[in-house]
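*Asks:* sequence unavailable; structure follows:
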């Protein structure tokens, strides 16, 4: 296999077309999707592939499917509460599970993902594994644990995903990462994931971790993600660095991670070239290498394109996390 460039790795994660690249192609491509909306909210909340819309066991009066305008609308009253909208969504998903309509629903997690109206207003929520069927924005945190070695420079703690994990099995991963459930804020989520996945105590995280930005991209799922191919997954990832002492050893804390290894920058870069990383984790690592001055405009010819592609403006309403 030919070595992958950093831009190719970015393109594996941010792989939904851009309108400005080819407006005519983009307009044709969008005919493959229905817009997902909620009655009383004018904003489009996600994109659903036409074949997904055709398969769903829509419940009369709960949903309006307009195939001519390609819009699917959850038909709660315009002033309905989030709980009412949630109940409508739950009935639909329960029926889809009963009929075994979608393979992706086999990964049911009993975790709820939020959906926001413009202005960051909480609109409703849905089961995590169903979110790609509706193409809504999902939120998560990713963190890179690292040490500063006097002889070898920066060394990163790299995880190997479990061989039995439903999504991206056996691929390389960041030190810790995870999705943000309804009501969760980035910092609290990062503390939880650091403890659950990498055995990093809360006190260590609070002392050593630093919020270093946010990354956005629009991912079209492939076979490695599990379930149906072609589902859409626009994501917002809050990123943290954790500078650890050399004697702090990262160990798996659950069955999702096979092991951790402490790798030099050269080892990490070689594994990126070989395509060993989960796509969005590769994006986070490339961002780390840029922020720490390892990848620069002088040695990375696609530097500007990489920065742009990892901070994409997503076309749906977004959260506002204010404590």
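*Replies:* Nice, thanks for sending it over. These figures come from a predicted structure and were not determined experimentally. Numbering: from 1, shown residues only.
*Asks:* how about the helices in the stretch 201-323 of the chain?
*Replies:* In the stretch 201-323 of the chain, helices defined by DSSP state H, counting those that start in this stretch lie at 202-208, 265-273, 279-291, 303-309, listed in chain order.
*Asks:* and those helices: which comes nearest residue 138?
*Replies:* Closest of the helices of the stretch 201-323 of the chain to residue 138 is helix 279-291, at 10.7 Å (criterion: CB to CB). Glycine gets a C-beta too; all of them are placed from N, C-alpha and C.
*Asks:* hang on, the earlier thing: any idea which of the helices of the stretch 201-323 of the chain is most buried?
*Replies:* Mean neighbour count (mean count of other CB atoms under 10 Å) peaks for helix 279-291 among the helices of the stretch 201-323 of the chain, with a mean of 23.
*Asks:* between that one and helix 265-273, how big is the angle?
*Replies:* Compare the direction of helix 279-291 with that of helix 265-273 by axes from the mean of the first three to the mean of the last three CA atoms, to 10 degrees and you get 140 degrees.
*Asks:* to the chain's geometric centre, what's the distance from helix 279-291?
*Replies:* A distance of 14 Å separates the centroid of the chain from that of helix 279-291, by CA atoms, centre = their mean, to the nearest Å.
*Asks:* outside of the helix or strand containing residue 83, which residues touch it?
*Replies:* Using DSSP states H and E, residue 83 maps to helix 82-98. Helix 82-98 is contacted from outside by 38, 56-59, 62-63, 74-77, 102, 105, 108, 122-127, 130, using CB atoms under 8 Å, 6 or more residues apart in numbering.
*Asks:* and the residues you listed, which of them are buried?
*Replies:* Buried by 16 or more other CB atoms under 10 Å: 38, 56, 58, 63, 74-76, 102, 105, 123-127, 130, out of the contacts of helix 82-98.
*Asks:* so which residues of this protein form strands?
*Replies:* Using DSSP state E, the strands of the chain run over 33-38, 41-49, 63-66, 71-74, 112-117, 121-127, 138-149, 153-161, 172-173, 176-179, 209-220, 232-243, 257-264.
*Asks:* reformat those strands into CSV and put distance to residue 317 next to each item.
*Replies:* Listed next are these as CSV, based on distance: least, CB to CB, whole Å:
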stretch, distance to residue 317
strand 33-38, 11
strand 41-49, 5
strand 63-66, 20
strand 71-74, 15
strand 112-117, 5
strand 121-127, 8
strand 138-149, 12
strand 153-161, 31
strand 172-173, 29
strand 176-179, 18
strand 209-220, 13
strand 232-243, 11
strand 257-264, 33
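*Asks:* residue 291: which of these is closest?
*Replies:* strand 209-220 (6.3 Å).
*Asks:* list the buried residues in that closest one.
*Replies:* For strand 209-220, the neighbour count (16+ other CB under 10 Å) marks 209, 215-220 as buried.
*Asks:* what's the neighbour count on residue 145?
*Replies:* By other CB atoms under 10 Å, 28 other residues sit near residue 145.
*Asks:* isn't it up against residue 242?
*Replies:* Yes. The pair residue 145 and residue 242 passes the contact test of CB atoms under 8 Å, sitting 4.5 Å apart.
*Asks:* intersection of neighbour lists for the two?
*Replies:* Common neighbours of residue 145 and residue 242 (CB under 8 Å, 6+ apart) are 175, 200.
*Asks:* hmm, back to that, among the helices of the stretch 201-323 of the chain, which is nearest residue 25?
*Replies:* Taking CB to CB, helix 303-309 is the member of the helices of the stretch 201-323 of the chain nearest to residue 25, at 17.7 Å.
*Asks:* returning to that earlier point: so for the helix holding residue 83, mean pLDDT?
*Replies:* For helix 82-98, mean pLDDT is 98.
*Asks:* taking strand 112-117 as reference, get the angle to that helix.
*Replies:* With the same axes, to 10 degrees defining the directions, helix 82-98 sits at 130 degrees from strand 112-117.
*Asks:* list the buried residues in helix 82-98.
*Replies:* By neighbour count on 16+ other CB under 10 Å, the buried set for helix 82-98 is 82, 85-86, 88-89, 92-93, 96-97.
*Asks:* spatially central residue for this protein, please.
*Replies:* Among the residues of the chain, the one closest to the centroid is residue 235, at 4.2 Å (CA atoms, centre = their mean).
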